[in-house]
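**Q** what's the 3D shape of this:
(one chain, ligands or ions: 1)
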Amino acid sequence: MNSTIELENRYCAHNYHPLPVVLVRGEGVHVWDDEGNKYLDMMSAYSAVSHGHANPRLVKVLSAQAATLSIVSRAFHTDKLVHFLKRACELTGQDMALPMNTGSEAVETALKAARKWAYEVKGVARDRAEIIACEGNFHGRTIAIVSLSSDPAYQEGFGPFSGGMRTIPYGDPAALAAAINENTAAFLVEPIQGEGGINIPPDGYLRQCAEICRAQNVLLICDEVQTGLGRTGKLLACEHDDVKPDGLILGKALGGGILPVSLFLAKREVMEVFQAGTHGSTFGGNPLAAAVGLEALNILVEEKLVERSRDMGAYFLGLLQTIKSPLVNELRGKGLFIGMEIDPALATAREVCERLMKKGLLSKETHETVVRFAPPLIVTREQLAWASDQIRDVLAAMDRIAKAS
Ligand SMILES: *Cc1c(COP(=O)(O)O)cnc(C)c1O
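**A** This is a model prediction of the structure:
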């Protein structure tokens, strides 16, 4: 075995099961391993690398800002933060933003905001506020967030969990209506479930949820850490349903594939529950992150990456649909956010990913059965055509093996 992998197995916690490849360099949509092999990255670090690896505009801003001022904490104002937040609010139609680093931290921020709003604005009795989320969700890994999870792997051994949390079936507005009571603070939902397997709810689902929430004085909070910033062919996935949520969570691609940068954005009435000292983060909103985050947003708009995602995603999905393989149960996607469901009786998604890797295409399974295709949004038609040829070859080879055995 590769000695780097052996050493990593010895010193690094085994909380991931990476494909057996050691990456040393990235540029645009490509990465290279320690033997010089080149791969098309169709994983993009769970959609964090939408701008491509080592995006030159981002690297330039990063190095200039690193040489000027990186971290001062929010004990002081800086000249960078407001420009980033103003742009993020304008683009998303939200009033105010609270900067954090990882997606999980921004989700935690949203949960805290929702509870405080429930007590101070809605008038819920002390310590009774409830949050509703969906089965199959992925909102992160903290204790409070896994309290909302329906996946045993995320919860087993980590209890006791936070109270005031419940889950309902995804894609079912009637279940939301039935679950809401006088103590409900917020409904937290992914417009498309990413880690859950690229699960796309029925058309109009989010719009119906928004109407139910508005009628019941419940906050609708969209977790767009993965679906946001162009991934699904709109700037925000909730725009597919013309929904403007009361709270919005962004992360991953917001850091341009260079830094962890996340935001909780909301309307003023929600964000104003935070007063000095009630919530914070040492690194959140630092000038380095703010400069990179602002440039990441500017690139999305100026280089029309959202429209690219829509057009390239439709093109790629069309190519994949022409592959007729008994191994594929279903293909689903919006923009460059595509899931290929593998028939578990015939193969595992992991096996498909391992074979694609040998062909120079990197992806990763989510759950046992789904292969995810989510390349950087700068990917070209030619690169996607090449990828679809590799996928076709791998599925054909696996089908031959399955038939022979
Ligand atoms: C990845 C993800 C998170 C967590 O983000 P981290 O940066 O890993 O903490 C939260 N919500 C969704 C929808 C995600 O995909």
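
**Q** how far away is residue 362 from the ligand?
**A** Applying C-beta to the nearest ligand atom, to the nearest Å, the value for residue 362 to the ligand is 18 Å. Any C-beta I mention is one placed from the backbone N, CA and C, and that applies to glycine too.

**Q** In contact with that residue: list those residues for me.
**A** By C-beta atoms under 8 Å, 6 or more residues apart in numbering, the contact set of residue 362 is 19, 21, 31, 39-43, 353, 356.

**Q** Residue 286 now?
**A** 70-73, 78.

**Q** switch to 6 Å and redo it
**A** residue 71 (C-beta atoms under 6 Å, 6 or more residues apart in numbering).

**Q** cool, and residue 260?
**A** Contacts of residue 260 (C-beta under 6 Å, 6+ apart): 101-102.

**Q** What helix or strand is it located in?
**A** Residue 260 is part of no helix or strand, with elements assigned from DSSP states H and E.

**Q** Once you drop chain neighbours, what's closest to the closest residue to the ligand within the chain?
**A** Residue of the chain nearest the ligand, by C-beta to the nearest ligand atom: residue 103 (2.2 Å). Once flanking residues are discounted, residue 103 sits nearest to residue 251: 3.4 Å by C-beta to C-beta, 6 or more residues apart in numbering.

**Q** And the pLDDT for the one you found?
**A** If you check residue 251, the pLDDT there is 98.

**Q** The residue of the chain closest to the ligand is in contact with residue 225, isn't it?
**A** Yes: counting by C-beta atoms under 6 Å, residue 103 touches residue 225, with 3.8 Å between them.

**Q** Which neighbours do those two have in common?
**A** Joint contacts of residue 103 and residue 225 (C-beta under 6 Å, 6+ apart) are residue 251.

**Q** returning to that earlier point: next, count neighbours for the residue nearest to residue 103.
**A** Counted by other C-beta atoms under 10 Å, the residues lying close to residue 251 total 29.

**Q** which SS state does the residue nearest the centre of the chain fall under?
**A** By C-alpha atoms, centre = their mean, the chain has its centre lying nearest to residue 226, at 1.6 Å. Assigned by DSSP: H, G, I helix; E, B strand; the rest coil, the conformation of residue 226 is coil.

**Q** pLDDT averaged over the biggest helix by length in the chain, what's the number?
**A** Across the chain, the helix with the greatest residue count (assigned by DSSP state H) is helix 381-404. Helix 381-404 comes out with an average pLDDT of 95.

**Q** List the residues that contact the residue nearest to residue 103.
**A** Going by C-beta under 6 Å, 6+ apart, residue 251 touches 103, 106, 225, 262.

**Q** Out of these, name the ones that lie in helices.
**A** Short answer: these in helices (DSSP H) are 103, 106.

**Q** What is the longest helix of the chain packed up against?
**A** With contacts taken as 3 or more C-beta pairs under 6 Å, 6 or more residues apart in numbering; DSSP states H and E, helix 381-404 sits against no other helix or strand.

**Q** Wasn't residue 99 part of a strand?
**A** Yes: assignment of residue 99 by three-state DSSP places it within a strand.

**Q** Bridge partners for it, pull those for me.
**A** residue 263 (DSSP bridges).

**Q** give the contact list for it.
**A** Counting by C-beta under 6 Å, 6+ apart, residue 99 has contacts 263, 284-285.

**Q** gap between the residue nearest to residue 103 and residue 285?
**A** Distance from residue 251 to residue 285, counting by C-beta to C-beta, to the nearest Å: 14 Å.

**Q** Using CSV, list the CA coordinates for the helix or strand harbouring residue 307.
**A** Secondary structure from DSSP H and E places residue 307 in helix 305-321. What follows is helix 305-321, C-alpha atoms only, in CSV (Å, rounded to 0.1, in the frame of the first residue of the first chain):
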residue,chain,number,x,y,z
LEU,A,305,-21.2,30.4,-13.1
VAL,A,306,-24.8,30.0,-12.1
GLU,A,307,-25.9,30.0,-15.8
ARG,A,308,-23.0,27.7,-16.6
SER,A,309,-24.2,25.2,-13.9
ARG,A,310,-27.7,25.2,-15.4
ASP,A,311,-26.5,24.7,-19.0
MET,A,312,-23.7,22.3,-18.4
GLY,A,313,-25.8,20.3,-15.9
ALA,A,314,-28.6,19.9,-18.4
TYR,A,315,-26.0,18.8,-21.0
PHE,A,316,-24.4,16.3,-18.7
LEU,A,317,-27.6,14.9,-17.4
GLY,A,318,-28.7,14.4,-21.1
LEU,A,319,-25.4,12.5,-21.8
LEU,A,320,-25.8,10.3,-18.8
GLN,A,321,-29.4,9.5,-19.7
